[in-house]
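**Q** Structure, please.
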Amino acid sequence: MKVSEHMIVGTPGREPQPIGDGHGSQRIWHNGKYILYYRKVISDALGIDPDDLPDDIYVHHVDGDRSNNSLDNLMFGTRKAHERLETMIDPKKYCVKD
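**A** I've put the predicted structure just below:
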């Protein structure tokens with residue numbers, strides 16, 4: 001399973017699988033547990049272990065397709081930054097307070 005030409009992620013023989021959340025998110029087996037696949041992609045790009053990626057880092061799928069975890073489709077930031085971005089896309093989704 002490839003993230004890009006240069007990075008391989010996951011456990012051999014274990015493909016990302018849907019988590020049944022109705023939004024297309026996928027999970028992958030890592031260090032004896034399932035994690036969200038997009039967090040693995042981001043952490044690999046940063047050169048850190050997914051377990052070291054802070055919980056307050058949110059990942060945004062640029063095209064809105066949570067099953068598209070290619071690195072060029074992912075952005076990350078704080079929860080507040082993610083909410084602001086989502087609000088610009090769909091103002092009814094969040095009410096962000098300063």
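**Q** quick one, what contacts residue 59?
**A** Contacts here follow Cβ atoms under 8 Å, 6 or more residues apart in numbering; on that basis residue 59 touches 36, 38, 39, 42, 74, 75, 76. The way it works is simple: take the backbone N, C-alpha and C, and place the C-beta from them, glycine included.
**Q** Need the CA coordinates for the strand or helix carrying it. CSV is fine.
**A** Using DSSP states H and E, residue 59 sits in strand 57-61. C-alpha atoms of strand 57-61 as CSV (Å, rounded to 0.1, in the frame of the first residue of the first chain):
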residue,chain,number,x,y,z
ILE,A,57,-4.1,17.7,15.3
TYR,A,58,-7.0,17.5,12.9
VAL,A,59,-6.8,16.3,9.3
HIS,A,60,-8.8,17.8,6.5
HIS,A,61,-9.5,16.0,3.2
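**Q** What average pLDDT does that strand get?
**A** Taken as a whole, strand 57-61 carries a mean pLDDT of 87.
**Q** Then stretch 88-98?
**A** Mean predicted lDDT for stretch 88-98 stands at 62.
**Q** repeat for stretch 69-80
**A** For stretch 69-80, mean pLDDT rounds to 88.
**Q** Assign residue 23 to helix, strand or coil.
**A** Assigned state for residue 23: coil (three-state reduction, DSSP: H, G, I helix; E, B strand; the rest coil).
**Q** One more: residue 39?
**A** Here residue 39 is helix, with the state taken from three-state DSSP.
**Q** for the one 4 residues further on, same thing?
**A** Classification of residue 43 into helix, strand or coil gives helix, according to three-state DSSP.
**Q** Report how many residues lie close to it.
**A** Look at residue 43: counted by other Cβ atoms under 10 Å, it has 20 neighbours.
**Q** I'd assumed residue 37 was in contact with it.
**A** No - assessed by Cβ atoms under 8 Å, residue 43 is found out of contact with residue 37, at 10.8 Å.
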